[in-house]
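Asks: take a look and give me a structure for this.
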Amino acid sequence: MSAEARDDTVRPVGLLAQDSADGAMVGMAAPRLSWRLEADRPAVRQLGYEIQLAGDAGFSSGVETSGHVASTSPVAAGWPGVPLSSREARFARVRVWTERGSTDWSPPLRLEAALLDPSDWTARPVSPRFNVAMREPGPAPLLRRGFVVDRPVEHARLYVTSLGVHETWLNGERVGDAVLDPGWTAYQQRLLYAAYDVTDLLQQGENVVSAAVGDGWWRGHLTWFKRRAVYGDTTALLAQLEIRFADGTEQVIGTDGAWRGASGAILAADLYDGASMDLRKELTDWRRAGFDDQAWEAVETLAQPKGLELRGAPPVRVVDSWPLELHASSWGTWIADCGQNLAGYVKLRVRGPSGSTITVRHAELLGPEGRLFTEALRTAAATDRYVLAGEAVELTPPFTFHGFRYVEIECDPGVKIEAAEVCALSSDLRQTGEFACSDPRLDKLFQNVRWSQLGNFLALPTDCPQRDERMGWTGDIQVFAPTACANADARTFLNGWLKDLAIEQRPDGCVAVTVPHVLGDHPMAWGAVGWGDAATLTPWVLYEAYGDIGVLERQYPSMSRWVNWCASRRGADGFWTGDFQFGDWLDPGAPPDRPQKATTRSDYVTNAYLAHSARTLSRAALLLGKIGDAQVYRRLGDQVADATWRRWREHALTTQAGCAIAVMFDICPEPEVAAVAAQLAALVEAGDGRIATGFLGTPLLLPALTRGDQIDAAYRLLLNEACPGWLYQVKLGATTMWERWDAIRPDGSIHPGAMASGEGASMLSFNHYAYGAVAEWLYRSVAGLAPVASDPGYGLIAFAPRPGGGLSHARASIETPYGRAAIAWRVDEDASLRVELDIPPGARGRFDVPRGWELAAGAGPLALASGRHELVLRRTP
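Replies: Reported below is the predicted structural model:
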């Protein structure tokens, strides 16, 4: 190929910086860069790339280059120049080489560094004096600072966060649309801030920046113990407005002693209990310039928080909304069915006399006589209260959210509700995956999984959005992560959470069961296998889904510390036994009030997970060039797996979870896989297709049956409508996944959810995504679309459909780092299986022919290049 050879059929597009909420504002000095390829032809393969940096969009000054880099991956390329300094802007562009030559340059991407060093922050957190050391619920502080702009502005940036959650305005205009910012992190070492371009919000003359701050996770109630002020008893705002004028001068308006504070209409706002507002106390126009704040009180300045970091993931936003139809109850209230279980709030437009009240209550279910079923909320009041000021008004509860499907509204006489709207909240991750098939029950199951992810991916991956919990349980996301990464672009979201996991990890390597950790020394709070293994298994899932080895580089110390701690728990006989474990939590065969007492022995599960995590760590070490570590951890994993199988083989073969774990974690030797999968199929048959597993066993059932070629048993399990089963929930009208298989019992009664005395609070959530891990199998086996770890990020795509269960067609697509990958298959009337595949430019595919089928003559190869492919298969004689 000559140096001048060109490929005009391929174009690099979508250049962005990794770990950036918008792909352009970055919180690191040397961000990695990614792009995609567009092509006018099939069979495109990137062979190399060049990235250039410059000080201007025309690339005429300060040009730096990576030179030609041999690489087939467009994901997470290294920064090719001098690291950025705070506030510095650079332009980047990329071109790639294919077998035909080089492409044109991509459109330029403007990158701007935020505040990268603690010394960049001249502002300090401020709080009105009434709000300092306030441990009980009270009014939300309001803060404002006026300033003058007296010359043309070139640009302005607002860097803002809070101790608590906040909303900020500039000249009365809301800055951004984030809700509950800055979210929940390990605040003691990591506090996120946002950066906004506010140039267009400034005006010549008087200006004002203002904010309201709520308790949020910082000072509000946390856990079923209703702990308050876990992180501090003072909420505060930290904001730094930096203005650069056209004449080159600069002005900084930061939170300091010159700010003023007061309280207003927000009497209280709590994540669990809801918000309370008295609109008669609203301060008119306090967010706008010209408001007289002389009567407001002085503020106190607090110490600078540690670990200020630009938020890299999209914030929580309103991601959906729709109008509600209200129906009068026989007891004098209004009831609305949202039609969907969700996390969010209800917005009302009302009018009524001054002093009249409106109370809005929330629940996931209606109980006897059609009243809200609130027992599952435990101590969470989940109630918003308003006192009206006498004019028509739109009501939105501040600094709270609820998990609910049903709403009850109680109004004083004379109040008229003119409109009601439900607003669904979620971290606003780009939705990437789609699935559909010929069975509408499975389509509904998939949508239920998606809604549970939306409702529980709210600033962090939580267990549930409704009761007095809503915490980052590590076991839930450990099993759900593969599904999460197919449904949405969860890379930066989960990367950030893994940083918190490492922060909260004990010095000895033990991992908390919730991250951020707020359970203190609770006896169940540390060291549970399947939960702590999120430290090793979730980074690997991210690497496989997105192809960025950076997550393994950053998390490797955490990964190895966890495995080392687990190994240290083994006794003289080489086994880890005797410690408290959640085990196969909520196995339907366990006593309802002791969900850890699963039918599969916890000691077996414990040692199987140790083997699996050690082997996963070995694979990561090998990729990172840590050859010695790779050998040590591989040997550990193999030894533990072999010993575990010899000791617990007979027991494992008696339970669904025991068999599934043996197959998927390679606890049983390879020659026994088929036999163990056959035994699992026999157990499914003996159980009439009912599930007999909990949180850890359930995600492995269908993959284990598939690996052992027991497809009929897998579909029988999937399509079972009896309890326990995925479609049992669908049959009973579920719109999200349940925590318990029998949350609503076959006789129509609601499970009491009680646990044994002294072991924690009752558990009955109707929005829990753990069992939604089944959607991974919908993608990978029903439709047949999965990443391959040997070329991660869908550089190599496994197409392995497994038709069955009476399905006549299925399809799935995922917006991968390379672009859209898709599969669609159907069984035609002539009994042929027709498959359509889409492989994005730069990626490759591998088609695995399902058992019972063979490729028709001339249908194409099993190894596939990028582009559209159509395959025809016939049933084998």
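Asks: following the helix or strand hosting residue 545, which helix or strand comes up?
Replies: Per DSSP states H and E, residue 545 falls inside helix 534-546. On the C-terminal side of helix 534-546, the nearest following helix or strand under DSSP H and E is helix 550-568.
Asks: report the buried residues of that following helix.
Replies: The neighbour-count check on helix 550-568 (16 or more other C-beta atoms under 10 Å) flags 550-552, 554-556, 558-563, 565-567 as buried. Where you see a C-beta, it was placed from the backbone N, CA and C, and this is true even at glycine.
Asks: so where's this protein shaky on pLDDT?
Replies: Residues of the chain that meet the criterion pLDDT under 70 lie in 1-3, 755-761, 857-861.
Asks: helices or strands up against the longest helix anywhere in the chain?
Replies: The single longest helix within the chain, with elements called by DSSP state H, is helix 627-652. Applying 3 or more C-beta pairs under 8 Å, 6 or more residues apart in numbering; DSSP states H and E, one finds that helix 627-652 contacts helix 550-568, helix 602-623, helix 656-664.
Asks: ok, the nearest residue to residue 351 once chain neighbours are set aside - contacts?
Replies: Distances taken as C-beta to C-beta, 6 or more residues apart in numbering put residue 392 closest to residue 351, at 4.1 Å, once the chain neighbours are dropped. Residues in contact with residue 392 (C-beta atoms under 8 Å, 6 or more residues apart in numbering) are 349, 350, 351, 418.
Asks: could these go into JSON lines alongside neighbour count, distance to residue 33 and secondary structure?
Replies: Shown next, in JSON lines, are these (neighbours: other C-beta atoms under 10 Å; distance: C-beta to C-beta, whole Å; DSSP: H, G, I helix; E, B strand; the rest coil):
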{"residue": "349", "neighbour count": "14", "distance to residue 33": "46", "secondary structure": "strand"}
{"residue": "350", "neighbour count": "20", "distance to residue 33": "50", "secondary structure": "strand"}
{"residue": "351", "neighbour count": "15", "distance to residue 33": "53", "secondary structure": "strand"}
{"residue": "418", "neighbour count": "10", "distance to residue 33": "50", "secondary structure": "strand"}
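Asks: of those, closest to residue 623?
Replies: residue 349 (55.5 Å; C-beta to C-beta).
Asks: closest one to residue 746 out of the buried residues of helix 550-568, please.
Replies: Using C-beta to C-beta, the buried residues of helix 550-568 come closest to residue 746 at residue 566, 39.4 Å.
Asks: ok, that closest one - contacts?
Replies: Contacts of residue 566 (C-beta under 8 Å, 6+ apart): 529, 532, 576, 609, 610, 613, 614.
Asks: report the two of those residues separated the most.
Replies: Farthest pair in these, by C-beta to C-beta: 532 and 614, 13.1 Å.
Asks: quickly list what residue 261 is bridged to.
Replies: On the basis of DSSP bridges, residue 261 takes part in beta bridges with residue 143, residue 297.
Asks: my understanding was that it contacts residue 297; is that so?
Replies: Yes. With contact defined as C-beta atoms under 8 Å, residue 261 counts as touching residue 297 (5.6 Å).
Asks: now the helices and strands packed on helix 627-652 in a markdown table, with distance to residue 252?
Replies: Converted to a markdown table, the helices and strands packed on helix 627-652 look like this (distance: least, C-beta to C-beta, whole Å):
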| stretch | distance to residue 252 |
| --- | --- |
| helix 550-568 | 32 |
| helix 602-623 | 43 |
| helix 656-664 | 56 |
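Asks: so what's residue 190 closest to, chain neighbours aside?
Replies: Excluding the flanking residues, the one nearest residue 190 by C-beta to C-beta, 6+ apart is residue 307, at 4.1 Å.
Asks: number of residues surrounding the one you found?
Replies: Residues near residue 307, counting by other C-beta atoms under 10 Å, number 15.
Asks: which ones are touching it?
Replies: Counting by C-beta under 8 Å, 6+ apart, residue 307 touches 189, 190, 191.
Asks: return the helix holding residue 545 as CSV; C-alpha atoms alone will do.
Replies: Extracted in CSV, the C-alpha atoms of helix 534-546 (Å, rounded to 0.1, in the frame of the first residue of the first chain):
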residue,chain,number,x,y,z
ALA,A,534,-18.6,-7.3,42.5
ALA,A,535,-15.0,-6.1,43.1
THR,A,536,-13.6,-8.7,40.6
LEU,A,537,-16.5,-9.7,38.4
THR,A,538,-18.0,-6.3,37.6
PRO,A,539,-14.8,-4.8,36.2
TRP,A,540,-14.5,-7.8,34.0
VAL,A,541,-18.0,-7.3,32.7
LEU,A,542,-17.2,-3.7,31.8
TYR,A,543,-14.0,-4.7,30.0
GLU,A,544,-15.9,-7.4,28.0
ALA,A,545,-18.8,-5.0,27.1
TYR,A,546,-16.8,-1.8,26.4
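Asks: distance from that helix to the middle of the chain?
Replies: Relative to its parent chain, helix 534-546 has a centroid offset of 13 Å by C-alpha atoms, centre = their mean, to the nearest Å.
Asks: from the contact counts, what lies against it?
Replies: helix 474-487, helix 491-504, helix 550-568, helix 602-623.
Asks: any idea which of those helices gets closest to residue 241?
Replies: helix 491-504 (25.1 Å).
Asks: counting by contacts, list what that closest one packs against.
Replies: Secondary elements touching helix 491-504 (3+ C-beta pairs under 8 Å, 6+ apart): helix 474-487, helix 534-546, helix 550-568.
Asks: could those go into TSV alongside distance to residue 266?
Replies: Compiled in TSV, the helices and strands packed on helix 491-504 are given as follows (distance: least, C-beta to C-beta, whole Å):
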stretch	distance to residue 266
helix 474-487	32
helix 534-546	36
helix 550-568	39
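Asks: among these, which is nearest residue 665?
Replies: Closest approach to residue 665 among these is made by helix 534-546 (10.5 Å; C-beta to C-beta).
Asks: okay, angle between that closest one and helix 474-487 too, please.
Replies: 0 degrees (axes from the mean of the first three to the mean of the last three C-alpha atoms, to 10 degrees).
Asks: quick one: buried residues of helix 534-546?
Replies: 534-546.
Asks: out of those residues, which one sits closest to residue 762?
Replies: residue 534 (24.8 Å).
Asks: right, and the closest one touches residue 480 too?
Replies: No. If you go by C-beta under 8 Å, residue 534 and residue 480 don't touch, sitting 10.2 Å apart.
Asks: one step back: which one of the contacts of residue 307 sits closest to residue 821?
Replies: residue 190 (33.9 Å).
Asks: the closest one: how many residues sit nearby?
Replies: So residue 190, with other C-beta under 10 Å, has 19 neighbours.
Asks: contacting residues for it?
Replies: Taking C-beta under 8 Å, 6+ apart as the test, what residue 190 contacts is 306, 307, 309, 499, 500, 503.
Asks: and if we set it to 10 Å?
Replies: Residue 190 sits next to 305, 306, 307, 308, 309, 496, 499, 500, 502, 503, 504, 516 when contact means C-beta atoms under 10 Å, 6 or more residues apart in numbering.
Asks: and residue 185, by the same measure?
Replies: With C-beta under 10 Å, 6+ apart, residue 185 has these contacts: 191-192, 217, 307, 309, 311, 459-460, 472, 496-497, 499-500, 503, 515-516.
Asks: which among those count as buried?
Replies: 191-192, 217, 309, 311, 459-460, 472, 496-497, 499-500, 503, 515-516.
Asks: correct me, but residue 284 touches residue 291?
Replies: Yes. At 8.2 Å, residue 284 counts as touching residue 291 under the criterion of C-beta atoms under 10 Å.
Asks: neighbour count: these two, which is higher?
Replies: Using other C-beta under 10 Å, the more surrounded residue of residue 284 and residue 291 is residue 291, with 17 against 8.
Asks: neighbours of the residue nearest to that one when sequence neighbours are not counted, how many?
Replies: Nearest residue to residue 291 in three dimensions, chain neighbours excluded: residue 285, at 5.2 Å (C-beta to C-beta, 6+ apart). Residue 285: 11 surrounding residues under other C-beta under 10 Å.
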